[in-house]
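**Student:** Fold the following.
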Amino acid sequence: MVEFKRRQRKKKVETRNYCKNREPCDVFINHRGSDTKKNIAGLLYDHLSRLGIKPFMDSRNMKPGDKLSDEIDAAIRNCKVAVALLSRNYCESRHCLRELALLMESNKKVLPIFWDVSPSELWVNNNGCQFSDEELRRFERALEQVKDTVGLTFDSSKGDWSEFLEVASKEVKNLLEVDQD
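**Tutor:** Numbers count the residues shown, from 1 in each chain. As a prediction, this is how the structure comes out:
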């Protein structure tokens, strides 16, 4: 039993080493951590890694002491494609919206995944006046662009997680192949 745990830990460390030192990643995973990190985002990261695709996800690729925005901005600039995991609380996060805006402004190919939410339920809410007028327009523009992009939808209470990971991974691979042309 101890040997199994050691192998499991070693494998986890190996997947964390992808995209270190600002090496280009294949796919940037944009997600709301509190909604998706411990389920669909983490599973997608692991699944893509097993397929030999190099994903970037903040909690898996960054280490203590890394400058959050510097590392994320570099990963976005250097990635080939991106996945935007849009969830119920996604638009409450300045970080998520900022990353999405940078992805869209960089003309990256983005695969939107609407996880337990429909596109019509997503909007930038500035009730707390947390965004400047310029940020608000920027975030709304990026959100509208991604909502206007053909993507995938998944209902976690009814869907087949394994099948969904296969479909999402296939779509990411297709985007990567198109990117190479």
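
**Student:** Run through the strands of the chain in chain order.
**Tutor:** In the chain, strands defined by DSSP state E lie at 27-31, 55-56, 81-86, 109-115, 152-154, listed in chain order.

**Student:** what packs against the first one?
**Tutor:** Looking back up the chat, that one is strand 27-31. In terms of contacts (3 or more C-beta pairs under 8 Å, 6 or more residues apart in numbering; DSSP states H and E), strand 27-31 is packed against helix 40-50, strand 55-56, strand 81-86, helix 94-105. Placement of C-beta: from N, CA and C, glycine included.

**Student:** Mind doing that once more with 10 Å?
**Tutor:** In terms of contacts (3 or more C-beta pairs under 10 Å, 6 or more residues apart in numbering; DSSP states H and E), strand 27-31 is packed against helix 40-50, strand 55-56, helix 58-61, helix 68-78, strand 81-86, helix 94-105, strand 109-115, helix 161-180.

**Student:** and the most centrally placed residue in the chain, bridged to which residues?
**Tutor:** Nearest to the mean C-alpha position of the chain, by C-alpha atoms, centre = their mean, lies Ile29 at 1.9 Å. For Ile29, the beta-bridge assignment (DSSP bridges) gives partners Val83.

**Student:** what residues are up against it?
**Tutor:** With contact taken as C-beta atoms under 10 Å, 6 or more residues apart in numbering, Ile29 is in contact with 36-37, 40-42, 44-45, 48, 55-61, 75, 79, 82-85, 99, 113, 172.

**Student:** rerun at 8 Å
**Tutor:** Counting by C-beta atoms under 8 Å, 6 or more residues apart in numbering, Ile29 touches 41, 44-45, 55-57, 82-83, 85.

**Student:** Quick check: pLDDT value at it.
**Tutor:** Residue-level confidence at Ile29 comes out at 96, pLDDT.

**Student:** Go ahead and confirm Leu165 touches Leu43.
**Tutor:** Yes - with contact defined as C-beta atoms under 8 Å, Leu165 reaches Leu43; the gap is 6.0 Å.

**Student:** Next, count neighbours for Glu177.
**Tutor:** For Glu177, the tally of surrounding residues (other C-beta atoms under 10 Å) stands at 9.

**Student:** Number the residues from 882 up from this point.
**Tutor:** Sure, I'll start numbering at 882, so the last one becomes Glu1058.
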